[in-house]
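K.L.:
Here is my input, please return the structure:
(2 chains)
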There are 2 protein chains.
Amino acid sequence: MTMDRITIAHGAGGEDSWFIVKKLIVDRIPRSLRRALSGIGLEELDDGASIAVDGKHIVFTTDSFTVNPLFFPGGNIGSLAASGTINDLVVMAAKPIAFMDSIVVEEGFSVDQLREIINSYTSILVKYNIALIGGDFKVMPKGSLDKIVITSVGIGLSRKPIVDNKLSSGDKIVITGPIAEHGSVILAAQLGMLDEVKELKSDSKPLIHILPVIEKYIDYIDAARDPTRGGLAATLNEWIHGSNYTIVVDRSLIPIRDEVRFFLDSLGIDPLQVASEGVAVFAIKNDVAEEFTEELKKVGEVHASIIGEVTEPSDSILRGKVVLKTEVGGKMILRASSLNLPRIC
Amino acid sequence: MTMDRITIAHGAGGEDSWFIVKKLIVDRIPRSLRRALSGIGLEELDDGASIAVDGKHIVFTTDSFTVNPLFFPGGNIGSLAASGTINDLVVMAAKPIAFMDSIVVEEGFSVDQLREIINSYTSILVKYNIALIGGDFKVMPKGSLDKIVITSVGIGLSRKPIVDNKLSSGDKIVITGPIAEHGSVILAAQLGMLDEVKELKSDSKPLIHILPVIEKYIDYIDAARDPTRGGLAATLNEWIHGSNYTIVVDRSLIPIRDEVRFFLDSLGIDPLQVASEGVAVFAIKNDVAEEFTEELKKVGEVHASIIGEVTEPSDSILRGKVVLKTEVGGKMILRASSLNLPRIC
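P.N.:
Reported below is the predicted structural model:
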């Protein structure tokens, strides 16, 4: 495979992203420097990283937000950055404590729009009692950046951070709510179709309200993730890749709003490949999966559902793969990264 | 003052930057959320922030690097990002422990160039035994970003982080080496003059070697900073702004290479406004300033010099101001931000 130029797929969160991050970054770092102070690091490539200080786990996450358009039904790049950073901490079982933001903006950008974006970001922090402790602010000359990039850094504390490498046979796959909402509205906006599909709206929201449920079941959770870029398909494939098990999910059990399904069907796009920004997915021990799902409903995630399970592979070719049961009883292998949507987050 | 559109000055690190960061960001955050866990935060707007966990100070810094050109005499955007992040920790008296990087790159960017940039970044981390524990990688479609933005996040540990708000009368101002090297070569490159001024070279380098000296004199250091955007003038003005003292610096004592001086003179630019990327400046108690400077020389900073001092203002209009003694014995007020060079770091 020749690889001369960066493609959109390299940034889409799927297998191509993993490939370039591994080849260009991870492989350059000696194993001993892929983590610090007995924490979670590059080896895990999880939602976040951590260090351990006197038995306390300090969890870190950073993401650059490039979403286009900047304002969309359900949010804007500022609310998306705050929610996305919070959610990366929440699915590590970390309570968000302090954030930093690094903003790069194009010369000539509207100060009013910038104010609105920053207000959306800071309002979420303030609402959830998260400090903003530092950051950076740069301006690039007109024409050298399409409007704005926001990099958000989250710092959280966790009693026991969740690392997504403990899947075992019998684990149930639980999802908090309907998928593909964020990706659908961004796609519609990029295609100029927002007027036609007014019922689409980003699900972008902080998931702090589910943190107590995560903490309560922390000893039973074997993986947790917010399925953003690459959607549910990318998350499940990352979890199972290289393992001896198979994840089997039942498409008919996956919550999805009809409006989202119809919109994506009309484009021939599988909702399982499309980003959510207010959803978490878990692998959790079978014996508590039902009550965990009920507890998620009690804190407001009324569509929380068990959608599948981790199993021994029924055939050796299914080892390390995700199997999707279709609505008509068929089975197919669900792969990651068939959709390369740029600037979705 | 009307302010409709973002200008280059808003990102140049001087008074306009401070104004927009204060108005749009700091003012939106309640005082209680400008720091976390008794650490250093937005109030200080220092090189970095911190949290305190069981008496240990964990120091954080983040910067987005947008330098143009990406490759320049003395380094590239990758080595600059690593050095800059390290130096922000060092001048907080923090030992760099772990980094994260968030890279946004334009579709079509050369994978070979990206590899070289990332290698430069990671090589510095590896050399200084700093872990890389996480990050993000995004691609923006062709035409929406001029090549690449790298956001680097540094995490360090400090026994006692330096906050730049303890200046007192009698403190000496000490600088580690010749100023304006980085800004000069970037300026020359942006003006297409690199062929004419081949002797210019960025001073971009990690300052980890001075950390033991900083730690030794930690109880005597009242401020420490790496004078990047806005140069020495911006740093000294930020330190003294709002204080009851005056900083008096003697231009003839400030180390600067002739080649840099001649180049900047030819453009009418004051070197005190021009960025360094491998220099630190300190305010330190008078009685140890000489030996501190000697120790800096011993660890390789052979041009380390005492260049001025903090004094009671000789006139009330000089309160909170920086006074520059000229080579011919005159005095002038040194202001920040007379040079707005974009994409210098």
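
K.L.:
doesn't A:A81 fall inside a strand?
P.N.:
No. Going by DSSP: H, G, I helix; E, B strand; the rest coil, the assignment for A:A81 is helix, not a strand.

K.L.:
my guess is it meets A:S152, correct?
P.N.:
Yes. Counting by C-beta atoms under 8 Å, A:A81 touches A:S152, with 4.3 Å between them. C-beta here means a position set from N, CA and C on the backbone, and glycine is covered the same way.

K.L.:
what touches both of the two?
P.N.:
A:63, A:65, A:101, A:121 (C-beta atoms under 8 Å, 6 or more residues apart in numbering or on different chains).

K.L.:
Intersect those residues with the contacts of chain B.
P.N.:
Residues of the shared contacts of A:A81 and A:S152 in contact with chain B (C-beta under 8 Å from any C-beta of the partner chain): A:63, A:101.

K.L.:
Show me where the stretch 151-300 of chain A has its helices.
P.N.:
A:181-190, A:211-216, A:231-240, A:258-267, A:286-298 (DSSP state H, counting those that start in this stretch).

K.L.:
Low-confidence stretches in the stretch 201-345 of chain A?
P.N.:
A:338 (pLDDT under 70).

K.L.:
now with 90?
P.N.:
Scanning the stretch 201-345 of chain A for pLDDT under 90 picks out A:242, A:327-329, A:336-342.

K.L.:
from it, which residue is nearest to chain B?
P.N.:
Of all residues in the stretch 201-345 of chain A, A:P342 sits closest to chain B, with a separation of 5.0 Å (C-beta to the nearest C-beta).

K.L.:
I figured that residue hits B:P141, correct?
P.N.:
Yes. Taking C-beta under 8 Å as the definition, A:P342 is a contact partner of B:P141 at 5.0 Å.

K.L.:
of those two, who's got more company?
P.N.:
Neighbour comparison, A:P342 and B:P141: the larger count goes to A:P342, with 21 against 17 (by other C-beta atoms under 10 Å in any protein chain shown).

K.L.:
Where does that one sit, in terms of helix or strand?
P.N.:
Secondary structure assignment for A:P342, by DSSP states H and E: no helix or strand.

K.L.:
try A:L125
P.N.:
helix A:111-127.

K.L.:
what does A:D63 give?
P.N.:
With DSSP H and E as criterion, A:D63 is part of strand A:56-65.

K.L.:
circling back: now list whatever residues contact both of A:P342 and B:P141.
P.N.:
By C-beta under 8 Å, 6+ apart, the residues touching both A:P342 and B:P141 are A:8, B:107.

K.L.:
For chain B, what's the nearest residue on the stretch 51-200 of chain A?
P.N.:
For the stretch 51-200 of chain A, C-beta to the nearest C-beta, closest residue to chain B: A:V139, 2.8 Å.

K.L.:
Quick one: neighbours of the closest residue in space to that residue that isn't next to it in sequence, just the number.
P.N.:
Excluding the flanking residues, the one nearest A:V139 by C-beta to C-beta, 6 or more residues apart in numbering or on different chains is B:G11, at 2.8 Å. Here the count is done by other C-beta under 10 Å, and B:G11 has 28 residues near it.

K.L.:
quick one: contacts for B:G11?
P.N.:
Contacts of B:G11 by C-beta under 8 Å, 6+ apart are A:105, A:137-140, B:17, B:342.

K.L.:
Please identify the deepest-packed of the helices of the stretch 151-300 of chain A.
P.N.:
helix A:231-240 (a mean of 27; mean count of other C-beta atoms under 10 Å in any protein chain shown).

K.L.:
Helices of the stretch 1-150 of chain A, residue ranges please.
P.N.:
A:15-24, A:77-90, A:111-127.

K.L.:
helices or strands next to the second one in the packing?
P.N.:
Under the contact criterion of 3 or more C-beta pairs under 8 Å, 6 or more residues apart in numbering or on different chains; DSSP states H and E, helix A:77-90 touches strand A:56-65, strand A:95-106, helix A:111-127, strand A:148-158.

K.L.:
What would that helix look like as CSV? C-alpha coordinates only.
P.N.:
C-alpha atoms of helix A:77-90 as CSV (Å, rounded to 0.1, in the frame of the first residue of the first chain):
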residue,chain,number,x,y,z
ILE,A,77,-18.8,23.7,17.9
GLY,A,78,-18.5,25.1,21.5
SER,A,79,-21.2,23.0,23.1
LEU,A,80,-20.0,20.0,21.1
ALA,A,81,-16.4,20.5,22.4
ALA,A,82,-17.5,20.8,26.0
SER,A,83,-19.9,17.8,25.8
GLY,A,84,-17.4,15.7,23.8
THR,A,85,-14.7,16.3,26.3
ILE,A,86,-17.0,15.6,29.3
ASN,A,87,-18.2,12.4,27.7
ASP,A,88,-14.7,11.1,27.1
LEU,A,89,-14.1,11.5,30.8
VAL,A,90,-17.5,10.0,31.8
